[in-house]
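In: here is my input; please provide its structure:
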Amino acid sequence: EREPSELFWLHGIAGCGKSSVAASACHILGRRLVGSFFCKRDQGERRNPVRLIWTLAFYLAAAELSYRTALLEALKEPDVFVNKDLETQFSLLVETPLSTSKRADIAPLVFVVDSLDECEQTADVVRCLVRTIGLAPWVLFLFTSRDTLEVRSALVGLGEHHQSYNLFWD
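Out: Below is the predicted model of the structure:
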């Protein structure tokens, strides 16, 4: 029997309904939804990859006590985060706290990222999400985007840990 995927990628051409599916998934998931981030190319704060990572960290902290404790410890040194690159922010806010937290007793939760291809540094963000899967098997990801080489390349190596669905069949 095949293991369930940790990452579900819904892709298709612009305007085919990916964002509607993401919004519906958020509504349907209810308590299983840990959080969401809806990217938007024309809004700086909604295309900022560091803001996406901070949003992920916020929702993970709300969902999991040992992660929250580790994150709060990291945040005691606020100067560490000022003007740091995406990789450093991810490492300090998500990766390190997750590596010290444990959550095995609760059903997986889902984090939704819509229009990921509209986020700056898309490939780097995808790689961060993939690394999160390895550290927190209790977090599943659903993301939508156009089918770009940047996203597809970032998923190389994930193997059967993700499923890809094209919303627009040609």
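In: so who does Arg47 touch?
Out: Going by CB atoms under 8 Å, 6 or more residues apart in numbering, Arg47 touches Cys39, Lys40, Arg41, Glu118, Cys119, Glu120. Every C-beta, even on glycine, is put in place using the N, C-alpha and C of the backbone.
In: can you say which of the residues you listed are buried?
Out: Buried members of those, scored by 16 or more other CB atoms under 10 Å, are Cys39, Glu118, Cys119, Glu120.
In: how many residues are close by the nearest residue to Ala63 once chain neighbours are set aside?
Out: Sequence neighbours aside, Val34 is the residue nearest to Ala63 in space, at 4.9 Å (criterion: CB to CB, 6 or more residues apart in numbering). By the measure other CB atoms under 10 Å, the count of residues near Val34 is 22.
In: check Ala57 too.
Out: Other residues near Ala57 come to 23 when the count uses other CB under 10 Å.
In: please identify the helix or strand for it.
Out: In this assignment (DSSP states H and E), Ala57 forms part of helix 49-63.
In: which residues sit against that helix?
Out: Helix 49-63 is contacted from outside by 34-35, 37, 39, 45, 67-68, 71-72, 86, 89-90, 93-94, 97-98, 109, 111, 113, 119-121, 124-125, 128, 132, 136, 139, using CB under 8 Å, 6+ apart.
In: now, which of the buried ones among the contacts of Arg47 sits nearest Val151?
Out: Cys119 (10.3 Å; CB to CB).
In: where does the prediction get shaky in this structure?
Out: Confidence mapping of the chain against pLDDT under 70 gives the ranges 1-5, 78-82, 103-106, 157-170.
In: what residue is smack in the middle of the chain?
Out: Central residue of the chain (CA atoms, centre = their mean): Leu129, 4.7 Å from the mean position.
In: okay, helices next: where are they in this structure?
Out: 18-29, 44-47, 49-63, 65-74, 86-90, 96-100, 122-135, 149-154 (DSSP state H).
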